[in-house]
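S.K.: output the structure for:
(chains A and B)
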Amino acid sequence: MSSMNVLPTSGAKARVFCADDNPLVSDALRLFVLRSGEFDWAGCVPDADQLCANVRAMGCPEIVLLDIDMPGMDPFTAISQVAACCPETRVLMYSGMVRRDLIDRAIEAGAWGYVSKGDGEQALFEAMRTALDGQIAMSPEVRAVAGL
Amino acid sequence: MSTSRSFAARLTWLMTALTAAALVLVTVAHVTLEFRRVRGRAVESVSATARVLAADLAAALDFDDPKAATDTLGTLGAVEEYVRAEVSRASDHGAPFAVFEREPASGAGSLGTDVRTGIEGRWLRIVQPVVRDDEQTGELRLLYDFGPLRRRLLIDVAVTVGVALVLMGLAYAGARAVQRALLRPVRELSDAAAALAAREDYSIRARKVSEDELGSLTDVFNTMVERLGEAEALRRNHREMLEQEVTRRTREALEAQARLRQSERMASLGTLSAGLGHDIGNLLMPLRAHLHSIRARVNAREDDPDFAAISRASEYLQNLSTSLRMLAQDPARIVEGSPTELRGWWREMEPILRPMLGRGILLEGVVPEGLPAVRLSKPLLMQAVFNLVQNAGQALAPEGSPIMPRASIRVEARAIGEVIELSVADNGPGMDQVVQQRCLEPYFTTKTRRISSGLGLPLVKGIVEGVGGELKLESKIGEGSRFTLVLPVAEAVKVERTRAVVTVREPRRRALISHVLTGLNCAVDAPAAAGVDHGLWVTDVLGEVPAEWTGSVVLLGQPPENTRGGGRITVVDPATPLPELRVRLQSVLQGVNA
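M.R.: Here you go, the predicted structure:
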């Protein structure tokens, strides 16, 4: 399984990029990520438009956290585009809406996991670690709903 | 009916009267003709008698023998119609030579010298010359009375008319008898038909009075009435069923409307709670993040009471947020089998239950650490317990009434063998036997529709039974009710984990399939660590599967040209959507475990 690990070379931290239209959330994410000491903050955009270009412009960060309810591009299309333009990037759906159909659509579109905002920052970090380790990541609430 | 009888009687009377009139007319005509005929014959007879007497009297006149003449005339006495006879000599100028005279009758006619042959009233007068040697020597005059003849004829007429009347009476009586005999079955039919029409009583039958055609007609009529009765009963039955159906449908439509309103209200509440949970969660994250920043900046201790209090409040709100979103989940879209750890579940559940209950109701949770997880997903368990606690709260604080004193609800979990019993008990008014028997029926409620859809308990029952559990109820009037969810322990229902190897080249798909297999209770091994030759191998390159592998193989891709030895191969399209892929893999695993 080690071949699937996309963690940066030793000493480097995995970078986290986000797309969320709520500045309170993106700001909190930034604080959590920076304080974790485990990840680096790569930035955030308020919509999924041009997400592929933005992610590529940031040098294809290892993690992209994508909110599901945003203006602009359909998030599932955005997942497919990022998976195509940055194959090594792990896109995680990060949302307060936890529904089985949304989970299935996100995974089918190419997401590496689905994380509920309600599960807290530790669950988020755990999911990011799992995805970077080459496994599908589901936070506890998502597992409860989807049975995965 | 009376009109019909009257008509028949009138017809009989008319026929009888016409017959009588015809009979009388015929009789009168016959008598008249007979009288004329008899009178003509009488005239001829009297004339002939006169000629014979005249011949006999010629000698008596010639010999001037009045006695002989009187004797000759006296022979007329044998015929009662002859009333008087006179003979006179020509030389006597009409003076009677000899006379025959019967007892004078009242109104008797007379004879005279100037009499002429002819009929006058009832009298016939004949004048016959007495001739001797071609010389008229005298004149015979006869008076003949038609009275006896008339009397006989009148008697005949009377007898005839009498006989006719008797015959007519007999004919009338016979006609009536025949009429009654003929019309009786018809009248029976008519009476039965009239009663049928008037009362719509299809049990009525016409009485059969004969075995003839009318009897057959009666049978046909009765059969027809019986069929009509059956048809009417069927129609009435259909009508009643239709009315019942309309009533039922109307009631169902009204109930459906009420349910729809209730569903819309619940859907609105669900949307509201989901949105509320979402927004609370979104706000809590920056709250926590900035709280941590402040704490780092002020260099606060880990156990700083102010920060600890805010953290506890934040955690409480976080649980509330999660619970609200869980509660809004559609039960039909939730996987039932994912296990729930009860202690953690109660920590999330309690915050959402407390605000729902009145301040005077004590909510007590007894959920010990270390209980095995139950085979019921967290959202479903939340929905089930939410309904039970909500019901208990409404029992303790009925609408429009104050909360009962010392009201309490106790949620308690305990392990009993292979199951977990999770009970919700209240010390409310309890339920009688009828309510206990019916409370699990859909749409049954003891509350107003404004606050209850009657679907809560059936929903709980469906959720619990859906995972092989049971819903038990104990209740006693005046002491309270206890609903117990008997839930299977998650581990207890698990089968032995299946060994699986996944060698799909594309990393995310490999990860996804591994994830799905893990969810399907598989132990996913790396190829190098497999060391086993059974279980399930999922690959997109069939050549990677070693020849000694005897387990099943799922090949993501095109079917192989040559089948390999060993286990069975299932080909799955790599583009299979996730839900279908999950089902396909589950199906293959069932074959492996079988």
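S.K.: where along the chain do the helices fall?
M.R.: Reading this off chain A. Per DSSP state H, chain A carries helices over the ranges A:23-36, A:51-57, A:75-85, A:100-109, A:120-132, A:140-146.
S.K.: not quite, I wanted chain B
M.R.: Using DSSP H, helices in chain B cover B:2-62, B:66-74, B:147-199, B:213-298, B:305-327, B:342-353, B:378-396, B:433-438, B:456-466, B:490-493, B:507-519, B:527-530, B:578-593.
S.K.: how far out from the middle of the chain is the first one?
M.R.: Read that as helix B:2-62. 77 Å (C-alpha atoms, centre = their mean, to the nearest Å).
S.K.: angle of that helix against helix B:66-74?
M.R.: Put simply, helix B:2-62 runs at 160 degrees to helix B:66-74, going by axes from the mean of the first three to the mean of the last three C-alpha atoms, to 10 degrees.
S.K.: got the angle for helix B:2-62 vs helix B:147-199?
M.R.: Interaxial angle, helix B:2-62 versus helix B:147-199 (the same axes, to 10 degrees): 170 degrees.
S.K.: and the longest one, by the same measure?
M.R.: Computed with the same axes, to 10 degrees, the direction of helix B:213-298 lies at 10 degrees from that of helix B:147-199.
S.K.: among the helices of chain A, show me which one is buried the most.
M.R.: helix A:140-146 (a mean of 25; mean count of other C-beta atoms under 10 Å in any protein chain shown). From N, CA and C alone the C-beta is placed, and that goes for glycine too.
S.K.: wondering if that one reaches chain B at all.
M.R.: Yes: using C-beta under 8 Å from any C-beta of the partner chain, helix A:140-146 comes into contact with chain B via A:141, A:143, A:144, A:145, A:146.
S.K.: please save the CA atoms from that helix in CSV.
M.R.: The C-alpha coordinates for helix A:140-146 follow below in CSV (Å, rounded to 0.1, in the frame of the first residue of the first chain):
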residue,chain,number,x,y,z
PRO,A,140,-18.1,8.7,11.5
GLU,A,141,-21.4,10.4,10.6
VAL,A,142,-20.9,9.6,7.0
ARG,A,143,-20.2,5.9,7.9
ALA,A,144,-23.4,5.9,10.0
VAL,A,145,-25.5,7.2,7.1
ALA,A,146,-23.9,5.4,4.2
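S.K.: which of the helices of chain B sits most buried?
M.R.: Greatest burial across the helices of chain B, using mean count of other C-beta under 10 Å, falls to helix B:378-396, with a mean of 24.
S.K.: got the angle for that helix vs helix B:305-327?
M.R.: Between the axes of helix B:378-396 and helix B:305-327, defined by the same axes, to 10 degrees, the angle is 100 degrees.
S.K.: just checking, what packs against helix B:378-396?
M.R.: helix A:140-146, helix B:305-327, helix B:342-353, strand B:408-416, strand B:419-426, helix B:456-466, strand B:480-488 (3 or more C-beta pairs under 8 Å, 6 or more residues apart in numbering or on different chains; DSSP states H and E).
S.K.: hang on, the earlier thing: is it possible to get TSV of the helices of chain B that adds distance to residue A:19?
M.R.: Below are the helices of chain B laid out as TSV (distance: least, C-beta to C-beta, whole Å):
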stretch	distance to residue A:19
helix B:2-62	100
helix B:66-74	171
helix B:147-199	86
helix B:213-298	15
helix B:305-327	21
helix B:342-353	28
helix B:378-396	27
helix B:433-438	53
helix B:456-466	37
helix B:490-493	36
helix B:507-519	19
helix B:527-530	36
helix B:578-593	23
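S.K.: make TSV from the ones you listed and add mean pLDDT to it.
M.R.: Shown next, in TSV, are those (pLDDT from 0 to 100):
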stretch	mean pLDDT
helix B:2-62	81
helix B:66-74	90
helix B:147-199	81
helix B:213-298	84
helix B:305-327	78
helix B:342-353	81
helix B:378-396	83
helix B:433-438	78
helix B:456-466	78
helix B:490-493	58
helix B:507-519	87
helix B:527-530	58
helix B:578-593	82
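S.K.: between those, which one is nearest to residue B:139?
M.R.: Minimum separation from residue B:139 across those (C-beta to C-beta) falls at helix B:2-62, 8.5 Å.
S.K.: just send the helices of chain A back as a markdown table, with mean pLDDT too.
M.R.: Below are these laid out as a markdown table (pLDDT from 0 to 100):
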| stretch | mean pLDDT |
| --- | --- |
| helix A:23-36 | 91 |
| helix A:51-57 | 91 |
| helix A:75-85 | 93 |
| helix A:100-109 | 90 |
| helix A:120-132 | 92 |
| helix A:140-146 | 76 |
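S.K.: looking at those helices, which is nearest to residue B:552?
M.R.: Across those, closest to residue B:552 is helix A:100-109 (C-beta to C-beta), at 24.0 Å.
S.K.: any part of that closest one near chain B?
M.R.: Yes: applying C-beta under 8 Å from any C-beta, one finds helix A:100-109 touching chain B at A:100, A:101, A:104, A:107, A:108.
S.K.: so which elements touch that helix?
M.R.: Packed against helix A:100-109 by the contact rule (3+ C-beta pairs under 8 Å, 6+ apart) you find helix A:75-85, strand A:90-95, strand A:113-116, helix A:140-146, helix B:578-593.
S.K.: closest one to residue B:462 among these?
M.R.: Nearest of the helices and strands packed on helix A:100-109 (C-beta to C-beta): helix A:140-146, 18.2 Å.
S.K.: off-centre distance for the closest one?
M.R.: The answer for helix A:140-146 is 17 Å, by C-alpha atoms, centre = their mean.
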